[in-house]
Every structure is written in structure tokens, then in C-alpha cells.
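Q: using only what follows, build the 3D model:
(one chain, ligands or ions: 1)
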Amino acid sequence: MAQNILITGAAGYVGGSVLAEFISRTKSPIKAANLHAAVRTEEQVKALSKLGVNVIQLDLSDEASVITAVLQNEIDIAIHTASSADSSLSSITTLFSEDGGWTYGEVKDSDPIYEKDKQIGRSHPARATNLLVIEQAKELGVTSFIVPVPPTYGRGTGEWRKLSVNIPAYVRVSIANKVVYKFDRNGSPPALHISDLVTIYALIVEKILQKEPIPSGEEGYYFAAVHRAPWWEIMQLLADGLYARGLVKEPKVQVWPSYDEAADQLGLPRLYVRAIGTSSGDLVPVHPYQLGWKPQWDQKRFLESMDDEIQAVLDLDTVKPTLFDSL
Ligand SMILES: NC(=O)c1ccc[n+]([C@@H]2O[C@H](COP(=O)([O-])OP(=O)(O)OC[C@H]3O[C@@H](n4cnc5c(N)ncnc54)[C@H](OP(=O)(O)O)[C@@H]3O)[C@@H](O)[C@H]2O)c1
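A: This is a model prediction of the structure:
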């Protein structure tokens, strides 16, 4: 019988791109599955309905409606990419940096992360959520996978929101201030292009559909990291590109007057802005490569694409991001 796959956040940058990737996989076992796309508004239902998938209007904070949607549509596999109601959860990769409480240094997704996370405790909301997902899934007999997603760049391929969070926020704020700011401490977190991220989800789902055993539950971490995003270099490239377009006063990068001001302007949570802006974290993906993952982007290509990151905001910035609205 055809499997039913639900993608939440399907109007979002990540979820929309995952959905587009799944639709494009015509020679994959995904082709035989029924795709269900959960979105929040009626406008989004209309926009996605031309894709030939079942579009469901669903408020994910309404537990009863979520249960009904899952049962009525006999959902076998759910990919949850909608943003959390708690915006601090979005700082997921800070989890593996010292700022986020991780004192073990370099971490492979094949390491006993679940055990270490339990030792660290549940003070970081993203860590608490990961533990909860693993534990609840186990209790309910559901197989779980966790894909920690670092800053993702590139134009999304979904029907609705096509811009990511971090770099577009820096571009917008720089244009508004007519100056590019950086943090007083450099950071170089893991990063990846949206097209390399969506293939991880596709590979996991393909293995599930083919009934191939892959790491799951307590071992089911899949680090979506390809290269680093050296923030100071990125800010300089943004300053060059924005100056060339006459959108900032000078091609020189200034230092943010304060972390709070940066947080407020960038729409990032004050509590986590320092970690988001300056931490690095040493994430080594092992599991995605075991599935046959072949990322197409690297750091050089990423840095060379900074001009398109600016152009994408100028071209596509019509849908307001809501990721951090809950603050
Ligand atoms: N983009 C990145 O670089 C990045 C990096 C690390 C982690 N992440 C995480 O990945 C997830 C997706 O990110 P994204 O960039 O795709 O964000 P996004 O473009 O804002 O997409 C999130 C989607 O979730 C929907 N949503 C939020 N709350 C909902 C609710 N209660 N009911 C129904 N739908 C709801 C939003 O609906 P509306 O369209 O109505 O707002 C939006 O379409 C987030 O959890 C984010 O923290 C993203």
C-alpha cells in the first residue's frame, strides 16, 4: 500500500524545498508515496494546491487538529520542518558549542549524543526537545530521526517562502542601516546549501520506504553540515556587494554597538544572539554520508555566491519571515 508522508512547514523555506525535492524525485520510491503538505493559512493552501499534493491547513499548536489530520490521512512518515513556537529552539546548532553547554568539543553524529545530552541536562530548549522526541517516540513505538540544521543558504525551491533566515536578515538590516555590522568576536558555524539539506531528508525517507535499516532513535542523529560559514568574511563580502549596489555608505564593516541591539535589529532572540552570531561548534556528519549523501556545495562556492544572497533578498523579499515572531 502507498505510504503517506506528511511535511509540516510546507510553506516555509525548508519545508517548501523538501516538498519540491520530493515531487522532483520521479525515479525514487518517494514517487509511489502520497505527499501531504501542512501549511498555516488559506493563501498558502491556494499557492500549494497546484502542486498535485494533498494540502492541509493546520495550526500545529492545536494538538487535537494535528492528531485528527494524522489519523484521517493515515500518515506513516512525518517530516517536521515548521518553526517551533519557542523561537529559542531555532538556535539548534549552538547546542554543540560551548555557549550551548556542549563541553566535549568535536562531535560526530555517530557519537553517543543521546547519552551525553542526558548528562548535560535539559536547560537548552533544543536539547530538551531532542531528548523528548527520542523518548516519546520510543514510548509510542515510533521510529525517530533528528536532523540538526545549521544556518542554511541559497534560494529555496518551495512555492511560498524562498528565503532563509540568517543571511537575508543581515542583508535587510545592513540596507536599513546603510552599514554592515559584524560581532566583536568572529564565528564560523557549520552551514550548508538548501539543495544539500533537502537531499538528506529524501535519502532518509527513501531508506525507510525501502525498509533498509538505518540509525534511528537514540542513534538517529543526522548532522546536516557541509562546510563553515566564516561570519567576518561573509560580512565583508556583503559590504562589498551592497556598496557596489549603492545600498550601504561604505565597503567597511563596523562592529555592532551591542549584542542586544544586534538581536533586536536582526530579529534574533537576545538570549541566544551571542551564540548564534559567534559560536562555531565542530559538527562532523557521518550518518548522511552512509546513506550516500553527496553535497554539491562547498565553502568556496558558498562565499562566491554571496552576491546572489543579496540579489535573492532584493528579488524575493515579499513574504515576511515569522520564525522569531514569538519573542
Ligand atoms: N533556515 C535556516 O537557516 C534554519 C537553520 C536552522 C534551523 N532551522 C529550523 O528549521 C525550521 C524551518 O525553518 P525555515 O527557514 O523553513 O522557516 P520558515 O521559512 O519560517 O518556515 C516555517 C514554516 O512553519 C510554519 N509554522 C510555524 N508555526 C506554525 C504553526 N503553529 N502551525 C502551522 N504552521 C506553522 C510557518 O508558517 P507561516 O508561513 O504561516 O509563518 C512557516 O511556513 C525551523 O524550525 C527553524 O528553526 C532553519
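
Q: residues contacting residue 218?
A: 112, 114, 115, 134, 138 (Cβ atoms under 8 Å, 6 or more residues apart in numbering). (C-beta placed from N, C-alpha, C; glycine too.)

Q: how does it look with 10 Å?
A: Contact analysis of residue 218 by Cβ atoms under 10 Å, 6 or more residues apart in numbering lists 112-115, 117-118, 131, 134-135, 137-138, 144, 146.

Q: ok, of those, which one's closest to the ligand?
A: residue 146 (12.1 Å; Cβ to the nearest ligand atom).

Q: what about that closest one, how many residues nearby?
A: By other Cβ atoms under 10 Å, the residues close to residue 146 number 22.

Q: residue 135 is in contact with that one, correct?
A: No: applying Cβ atoms under 10 Å as the test, residue 146 and residue 135 come out as separate, 12.0 Å apart.

Q: what do the two both touch?
A: With Cβ under 10 Å, 6+ apart as the test, residue 146 and residue 135 both reach 114, 217, 218.

Q: so for stretch 7-14, what gets flagged as buried?
A: Within stretch 7-14, the residues scored as buried using 16 or more other Cβ atoms under 10 Å are 7, 8, 9, 10, 11, 12, 13, 14.

Q: leaving out sequence neighbours, find the closest residue to the closest residue to the ligand within the chain.
A: Closest residue of the chain to the ligand, Cβ to the nearest ligand atom: residue 12 (2.0 Å). Nearest non-adjacent residue to residue 12, counting by Cβ to Cβ, 6 or more residues apart in numbering: residue 161, 5.4 Å away.

Q: surely the one you found is within a helix?
A: No: assignment of residue 161 by DSSP: H, G, I helix; E, B strand; the rest coil gives coil, placing it outside any helix.

Q: residues near it, how many?
A: Residue 161, neighbours per other Cβ under 10 Å, totals 24.

Q: and for residue 295?
A: Count around residue 295 with other Cβ under 10 Å applied: 19.

Q: and the stretch 51-200 of the chain, which residues reach the ligand?
A: 58-61, 81-84, 90, 92, 149, 151-152, 161, 164-166 (Cβ under 6 Å from any ligand atom).

Q: many thanks, we can stop here.
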